[in-house]
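**Student:** Give me a 3D structure for the following:
(chains A, B, C and D)
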Number of protein chains: 2
Amino acid sequence: MAAADLATHPGHLARRLQQAHHLLWNTMVSEEITSPQFAVLNALVAEPGVDQRTVGERVGLDRSTIAEVISRLDRRGLLHKVRDPRDGRRFVLRLTDEGLRTHRKLAVRTARMNQVFLAPLSAEERTVFFDLIRRVADAAEGLRNPAEPSAARG
Amino acid sequence: MAAADLATHPGHLARRLQQAHHLLWNTMVSEEITSPQFAVLNALVAEPGVDQRTVGERVGLDRSTIAEVISRLDRRGLLHKVRDPRDGRRFVLRLTDEGLRTHRKLAVRTARMNQVFLAPLSAEERTVFFDLIRRVADAAEGLRNPAEPSAARG
DNA sequence: TCCGGTTCATCAGTGCACTGATAATCTGAG
DNA sequence: CTCAGATTATCAGTGCACTGATGAACCGGA
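**Tutor:** Residues are numbered from 1 along each chain as shown, chains lettered A, B, ... in the order given. Coordinates of the predicted model:
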């Protein structure tokens, strides 16, 4: 078995794509707030008052990672984290004014960055790009929980 | 500015794609050797005796990360790292027999995993998938070093 | 009321990934 | 030969990401 060509390895391409994105993010969006952190702010704009686990589900982060991201946002004063009076296990999360301002500012820059990032592709290609990646990612995630609704479609 | 739909954010998709890959890798290839570690082994099969920096360049990892990955492979006895007698700054890297065996074994499993990973796509779509990702990643990396050979084609 | 099972959050451990600073080494100009 | 600048590797610091183990809280049934 000789050396393989990494250019045909989707895992390697996925990593390169993320690195490329990270590079653009740092230069065009923010050096303070990372992309996952923005995703959390965004999720809390859409659903104020949800708990940590739910936010993790929305943005695709596991329980440990989401805990760290949220604690950083908390330390920076971008969100509040208060115990749910109706369920002592949960924390209810809500953006502060500062968090809301930050989200607004970064949302604009993020849109600009996405334009630059996707500039090499035509409008059509972008649609395909999203579609293909989503299909591959969805399928792999589906393998994790092997068929929940067994009665859904015989 | 309301909440954005992350499904149209390439950065978010890139992260999800990598997570999906990580999941499959762990279950189908190895829990010990990670995908970046395999990439390093693979690079050393292709070019035995190169230095650390060059390997990093081949697999797309920066100087710090490649140093850590290599030190882990070294600790596991998968490669040798000896000072270059002709240049005291460098280390010459070479796979051990164990490293070679590991690469052979994982190369087979990696090929199988890639089949499963790409199963949702037709042969045509896979070509497009690779092409689109590569173009986006290349373009973003190109923005980092703005035009090296200024005299090449003026 | 108590008890078992589930859920939410945290902690410990490991590994990838980047930047900026530092030290050792090499190289070329003088 | 000597010094300045470039190159190679390391270290410190920060942050994402996962698993497995632990503890607190909830919920349903006996």
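
**Student:** Please list the residues of chain A that sit near DNA strand C.
**Tutor:** A:15, A:19, A:22-23, A:26, A:51-53, A:63-64, A:67, A:70-71, A:87, A:89-91 (C-beta under 7 Å from any atom of the strand). The way it works is simple: take the backbone N, C-alpha and C, and place the C-beta from them, glycine included.

**Student:** how does it look with 6 Å?
**Tutor:** A:15, A:19, A:22, A:51, A:52, A:53, A:63, A:64, A:67, A:89, A:90, A:91 (C-beta under 6 Å from any atom of the strand).

**Student:** The residues you listed also near chain B: which ones?
**Tutor:** With C-beta under 8 Å from any C-beta of the partner chain as the criterion, the residues of chain A next to DNA strand C include A:15, A:19, A:22 near chain B.

**Student:** Distance-wise, check residue A:133 relative to residue B:132.
**Tutor:** Distance from residue A:133 to residue B:132, counting by C-beta to C-beta, to the nearest Å: 9 Å.

**Student:** How about residue A:127?
**Tutor:** 11 Å.

**Student:** again with residue A:81
**Tutor:** 39 Å.

**Student:** Neighbour count: those two, which is higher?
**Tutor:** residue B:132 (22 against 14; other C-beta atoms under 10 Å in any protein chain shown).

**Student:** Check what pLDDT the closest residue to that one other than its chain neighbours gets.
**Tutor:** Excluding its sequence neighbours, the residue lying closest to residue B:132 (C-beta to C-beta, 6 or more residues apart in numbering or on different chains) is residue A:129, at 4.7 Å. Looking at residue A:129, its pLDDT is 97.

**Student:** buried set for the host helix or strand of residue A:129?
**Tutor:** Element membership for residue A:129 (DSSP states H and E) is helix A:123-144. Neighbour counts over helix A:123-144 (16 or more other C-beta atoms under 10 Å in any protein chain shown) mark A:125, A:126, A:129, A:130, A:132, A:133, A:136, A:137, A:139, A:140 as buried.

**Student:** Double-check the fifth one against residue B:127; I have them as touching.
**Tutor:** Okay, so that is residue A:132. No. In terms of C-beta atoms under 8 Å, residue A:132 does not count as a neighbour of residue B:127; the distance is 10.6 Å.

**Student:** Not counting sequence-adjacent ones, nearest residue to the residue nearest in space to the middle of chain A?
**Tutor:** The centre of chain A sits closest to residue A:59, judged by C-alpha atoms, centre = their mean, with a distance of 4.2 Å. In this structure, residue A:59 finds its nearest non-sequential neighbour in residue A:39, 4.2 Å apart by C-beta to C-beta, 6+ apart.

**Student:** now residue A:118
**Tutor:** residue A:126 (5.4 Å).

**Student:** Distance of that neighbour relative to residue B:83?
**Tutor:** Look at residue A:126 and residue B:83: by C-beta to C-beta, they are 49 Å apart.

**Student:** ok, now residue A:86?
**Tutor:** 64 Å.

**Student:** now residue A:101
**Tutor:** Following C-beta to C-beta, the distance that separates residue A:101 from residue B:83 is 53 Å.

**Student:** Assign residue A:32 to helix, strand or coil.
**Tutor:** coil (DSSP: H, G, I helix; E, B strand; the rest coil).

**Student:** how many other residues sit next to it?
**Tutor:** A count of nearby residues for residue A:32, using other C-beta under 10 Å, gives 9.

**Student:** Secondary structure element holding the residue in chain A positioned nearest to DNA strand D?
**Tutor:** For chain A and DNA strand D, the shortest gap (C-beta to the nearest atom of the strand) falls at residue A:88, measuring 2.8 Å. Assigned by DSSP H and E, residue A:88 belongs to strand A:87-95.

**Student:** Let me see the residues that make contact with that strand.
**Tutor:** If you take C-beta atoms under 8 Å, 6 or more residues apart in numbering or on different chains as the criterion, strand A:87-95 is touched by A:41, A:44-45, A:48-53, A:55, A:70, A:78-84, A:103.

**Student:** Name the spans of chain A whose pLDDT lies under the cut-off.
**Tutor:** Residues of chain A that meet the criterion pLDDT under 70 lie in A:1, A:145-154.

**Student:** which residues in it form strands?
**Tutor:** Assigned by DSSP state E, the strands in chain A fall at A:79-84, A:87-95.

**Student:** Mind putting the ones you listed into JSON lines with distance to residue A:113?
**Tutor:** Putting the strands of chain A into JSON lines (distance: least, C-beta to C-beta, whole Å) gives the following:
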{"stretch": "strand A:79-84", "distance to residue A:113": "23"}
{"stretch": "strand A:87-95", "distance to residue A:113": "21"}
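
**Student:** Of all these, which one is nearest residue A:118?
**Tutor:** For the strands of chain A, proximity to residue A:118 was assessed by C-beta to C-beta; strand A:87-95 is nearest, at 27.8 Å.
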